[in-house]
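Asker: turn this into a structure:
(one chain, ligands or ions: 2)
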Amino acid sequence: MPEPHPPPAARTLTRRDIVRAAAGVAASGLSAWEGPAMNASAGLRRPNIVLIVADDLGFGDVGCYGASLIPTPNVDRLASRGLRFVNAHAAAAMCTPSRFAMLTGMYPWRKKGTGILPGDAALIIEPGSATLPSVLKRAGYRTGVVGKWHLGLGGPGGPDWNGEIKPGPLEVGFDYCFLMPATCDRVPCVYVENRRVAGLDPADPIRVSYTDPIGDEPTGKARPDLLKVRPSHGHDQTIINGISRIGYMSGGKAARWVDEDMADTFTRKGVAFIEQHAGEPFFLYFATHDPHVPRVPHPRFRGKSGCGVRGDAIVQFDWCVGELTAALEHKGLIEDTIVIVTSDNGPVVDDGYDDGAVRDRNGHRPAGPLRGGKYSIFEGGTRVPFIVSRPGAVRTGETDALLCLMDLPASFAALAGVKLDAGECPDSLNVLPALLGQTKQARGELVEQAGSLAILQGARKAIEPSSGAAYAPLTDTELGNAPEPQLYDLDDDIGERRNLAQEHHEEVQTMLRRLAAIRSRPPKQSE
Ligand code: NG6
Ligand code: CA
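Answerer: Ligands and ions are numbered 1, 2, ... in the order given. Predicted coordinates:
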């Protein structure tokens, strides 16, 4: 098990730091968009970016982060020729807020309506605003998203599944999309390609409801005998492909996905995007469903991990990473492409289906040494695997630089030479030198979000008091909520077992005041 390293001393990154760090990069011969090992045949071009984001993959879930029962050779290979971060975080311990922050560069708790969305929610990102894809588009990148979206589609009334689905990814900076609209356990179970449901027969229109039963198809509640995976909590509405989901749907039969084929389908679309844009700078956001529930990996991955179906879904995820990497190699682009592998939030074992994942876990610890997991304000909620690889241009090894997925917009804007206007991506910091391994100086502090908020400053972490539940409903995940403030020293106590708040009363109050200040104003605007 790798020992997570202590984060750097608490300090906020200032503009001057960023300028200095950038100067250091230039002095080392690594300019913003031209690495030292630049492939001569590729000429002077900006690197492509392939951002691979797993769903609910934990800090201890892949081999290079200590998993011994789950073979992940492709992720491990990227790590061995790249940089492995041990203090990288999602902005939140759930999907929608985490991805919202990653794409907009804004803390999700600044905006109402960024909690876990139903499958028929309207788009929550402002069309035309500065986003990770739109800033890259300004620099001439071709931008695509393949896989999980879960940020809503359509205007205030929600998406028109049978017509033009707009606004969506194409209105917030992507040139191309092939989406699972929300989650795999939420209806509608169809793919959206650009502005249409893929493969929809107009004679069989889709209807969706999150309140009332719709159509005459069986539900998991009424017909559990029809199910190939039974729910353990919730997830008992319309049955699609032998799995009951959250929400009701009817119609769209020809367009429905087959869960077992989803990883293959996404991978095919991701590889096609890479091949199509091999001659120009491109950004691909590849968002897998694995290892989120329902876990029904393709039969060829069944039994391939030593810890049940959740591990098998991670083996399938690793296969996707291998295929995308192979496509880059095949096109001669591996040295011209920054590949990132990470996750939207921490792990959960039983997230609502009785799929044997708890029974078969075989001692595997999805969060590694961390406490909590998905939904939790403990580190297991937001600290995620994060690997950056670009052979010859990104240093190899391990780094304890503190960063957040929310920093990608400002960092890649810097990489592409785009200047963000004041107020654009307001909480996103340019940590490009740390991403490239030129420095371990990145963020000095970060706000983490689950049901409550916490502030991380160097090795110290303060969690605000909260009246929330101690455990996630019907699961054994500790949420970290407590009516009194909590203070942990992550250098000595990465597992957050010793609450130091009583003996360091002043310190915890100072940290919580700082949290309140960030809440009222983005730090970048106070400089
Ligand atoms: C919860 C679901 C869970 C999962 C989660 C979203 C129930 C009981 N639980 O409400 O299964 O879908 O939402 O996960 O319905 S996330 O990774 O997209 O945030
Ligand atoms: Ca997730």
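Asker: is ligand 2 contacted by stretch 317-334?
Answerer: No - figure legend: stretch 317-334 not in contact with ligand 2 (Cβ under 5 Å from the ion); closest approach 12.6 Å. For every residue, glycine as well, the C-beta is placed using N, CA and C.
Asker: burial check on residue 225, number of neighbours?
Answerer: Residue 225 sits with 7 neighbouring residues when counted by other Cβ atoms under 10 Å.
Asker: oops, could you answer that again for residue 134 instead?
Answerer: 25.
Asker: then residue 295?
Answerer: Residue 295 has 25 nearby residues by other Cβ under 10 Å.
Asker: that one touches residue 351, doesn't it?
Answerer: No - counting by Cβ atoms under 8 Å, residue 295 sits too far from residue 351 to count as a contact (9.2 Å).
Asker: ok, and the closest non-adjacent residue to the residue nearest in space to the middle of the chain?
Answerer: Nearest to the mean C-alpha position of the chain, by Cα atoms, centre = their mean, lies residue 344 at 2.4 Å. Leaving aside its sequence neighbours, residue 344 sits nearest to residue 98 (Cβ to Cβ, 6 or more residues apart in numbering; 4.5 Å).
Asker: again with residue 501
Answerer: Once flanking residues are discounted, residue 501 sits nearest to residue 487: 4.2 Å by Cβ to Cβ, 6+ apart.
Asker: wait, a helix at that neighbour?
Answerer: No - read with DSSP: H, G, I helix; E, B strand; the rest coil, residue 487 is strand and lies in no helix.
Asker: what about it, neighbour count?
Answerer: That count, for residue 487 with other Cβ under 10 Å as the rule, works out to 23.
Asker: in the sheet, who's paired with it?
Answerer: residue 462 (DSSP bridges).
Asker: what packs against the lengthiest helix in the chain?
Answerer: Using DSSP state H, we find that the single longest helix of the chain is helix 308-330. Where contact means 3 or more Cβ pairs under 8 Å, 6 or more residues apart in numbering; DSSP states H and E, helix 308-330 is packed against strand 48-54, helix 73-80, helix 262-276, strand 282-287, strand 337-343.
Asker: one more pass at 7 Å, please.
Answerer: Contacts defined by 3 or more Cβ pairs under 7 Å, 6 or more residues apart in numbering; DSSP states H and E place helix 308-330 against strand 48-54, helix 73-80, helix 262-276, strand 337-343.
Asker: tell me the angle the first one makes with helix 73-80.
Answerer: Yep, that's strand 48-54 we're talking about. Interaxial angle, strand 48-54 versus helix 73-80 (axes from the mean of the first three to the mean of the last three Cα atoms, to 10 degrees): 130 degrees.
Asker: contacts for strand 48-54 next, please.
Answerer: Strand 48-54 is contacted from outside by 281-288, 290-291, 317, 321, 324, 333, 336-344, 412, using Cβ atoms under 7 Å, 6 or more residues apart in numbering.
Asker: the longest helix of the chain and ligand 1, any residue contact?
Answerer: No - judged by Cβ under 6 Å from any ligand atom, helix 308-330 makes no contact with ligand 1; its nearest approach is 13.2 Å.
Asker: can I get the CA coordinates of that helix in PDB?
Answerer: Extracted in PDB, the C-alpha atoms of helix 308-330 (Å, rounded to 0.1, in the frame of the first residue of the first chain):
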ATOM      1  CA  GLY A 308     -16.700  -9.800  -7.100                       C
ATOM      2  CA  VAL A 309     -18.600  -7.900  -9.700                       C
ATOM      3  CA  ARG A 310     -17.500  -4.400  -8.500                       C
ATOM      4  CA  GLY A 311     -13.900  -5.500  -9.000                       C
ATOM      5  CA  ASP A 312     -14.800  -7.000 -12.400                       C
ATOM      6  CA  ALA A 313     -16.400  -3.600 -13.400                       C
ATOM      7  CA  ILE A 314     -13.000  -2.000 -12.500                       C
ATOM      8  CA  VAL A 315     -11.200  -4.500 -14.800                       C
ATOM      9  CA  GLN A 316     -13.600  -3.500 -17.500                       C
ATOM     10  CA  PHE A 317     -12.800   0.200 -16.800                       C
ATOM     11  CA  ASP A 318      -9.100  -0.600 -17.100                       C
ATOM     12  CA  TRP A 319      -9.700  -2.300 -20.500                       C
ATOM     13  CA  CYS A 320     -11.300   1.000 -21.700                       C
ATOM     14  CA  VAL A 321      -8.200   2.900 -20.600                       C
ATOM     15  CA  GLY A 322      -6.100   0.400 -22.500                       C
ATOM     16  CA  GLU A 323      -8.100   0.700 -25.700                       C
ATOM     17  CA  LEU A 324      -8.000   4.600 -25.700                       C
ATOM     18  CA  THR A 325      -4.300   4.500 -25.000                       C
ATOM     19  CA  ALA A 326      -3.800   1.900 -27.800                       C
ATOM     20  CA  ALA A 327      -5.700   4.200 -30.200                       C
ATOM     21  CA  LEU A 328      -3.300   7.100 -29.300                       C
ATOM     22  CA  GLU A 329      -0.300   4.800 -29.800                       C
ATOM     23  CA  HIS A 330      -1.700   3.600 -33.100                       C
END
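Asker: so for that helix, mean pLDDT?
Answerer: On average, the pLDDT along helix 308-330 is 98.
Asker: in it, what counts as buried?
Answerer: For helix 308-330, burial by neighbour count (16 or more other Cβ atoms under 10 Å) applies to 308-325, 327-328.
Asker: tell me who's in contact with the residue of the stretch 401-527 of the chain found nearest ligand 2.
Answerer: Nearest residue of the stretch 401-527 of the chain to ligand 2: residue 405, at 12.0 Å (Cβ to the ion). By Cβ under 7 Å, 6+ apart, the contact list for residue 405 reads 90, 91, 98, 101, 102, 342.
Asker: not counting sequence-adjacent ones, nearest residue to the second one?
Answerer: Taking Cβ to Cβ, 6+ apart as the measure, residue 91 lies nearest to residue 101, with 3.4 Å between them; neighbours along the chain are not counted.
Asker: the fifth one too?
Answerer: Distance criterion Cβ to Cβ, 6+ apart; nearest residue to residue 102, sequence neighbours excluded, is residue 405 at 4.2 Å.
Asker: residues of this structure that sit close to ligand 1?
Answerer: Residues of the chain lying near ligand 1 by Cβ under 6 Å from any ligand atom: 55-56, 94-95, 116, 150, 183, 185, 233-235, 246, 292-293, 351-352.
Asker: what residues are up against the residue in the stretch 1-150 of the chain that ligand 1 sits nearest to?
Answerer: Proximity of the stretch 1-150 of the chain to ligand 1 (Cβ to the nearest ligand atom) peaks at residue 95, 3.1 Å away. Going by Cβ under 7 Å, 6+ apart, residue 95 touches 55, 116, 150, 344, 345.
Asker: do I have it right that residue 324 meets residue 285?
Answerer: No - counting by Cβ atoms under 7 Å, residue 324 does not reach residue 285; the two are 11.8 Å apart.
Asker: run through who's touching the host helix or strand of residue 516.
Answerer: For residue 516, the element it lies in under DSSP states H and E is helix 505-520. Helix 505-520 is contacted from outside by 447, 453, 455, 457, 460, 462, 464, 485, 487, 501, using Cβ under 7 Å, 6+ apart.
Asker: domain map for this protein?
Answerer: Here the domain parsing of the chain from automatic domain parsing is 15-197+258-443, 207-250, 447-520.
Asker: so which of those is the most packed in?
Answerer: Counting by mean count of other Cβ atoms under 10 Å, domain 15-197+258-443 has the highest mean neighbour count of these, with a mean of 22.
Asker: need the three-state assignment for residue 239.
Answerer: strand.
Asker: against ligand 2, how distant is it?
Answerer: 23 Å (Cβ to the ion, to the nearest Å).
Asker: next, the contact list for that residue, please.
Answerer: The neighbourhood of residue 239, defined by Cβ under 7 Å, 6+ apart, consists of 217, 218, 219, 220, 223, 226, 227.
Asker: just checking, the first one touches residue 238?
Answerer: Yes - proximity of residue 217 to residue 238 meets the contact threshold set by Cβ under 7 Å, at 5.6 Å.
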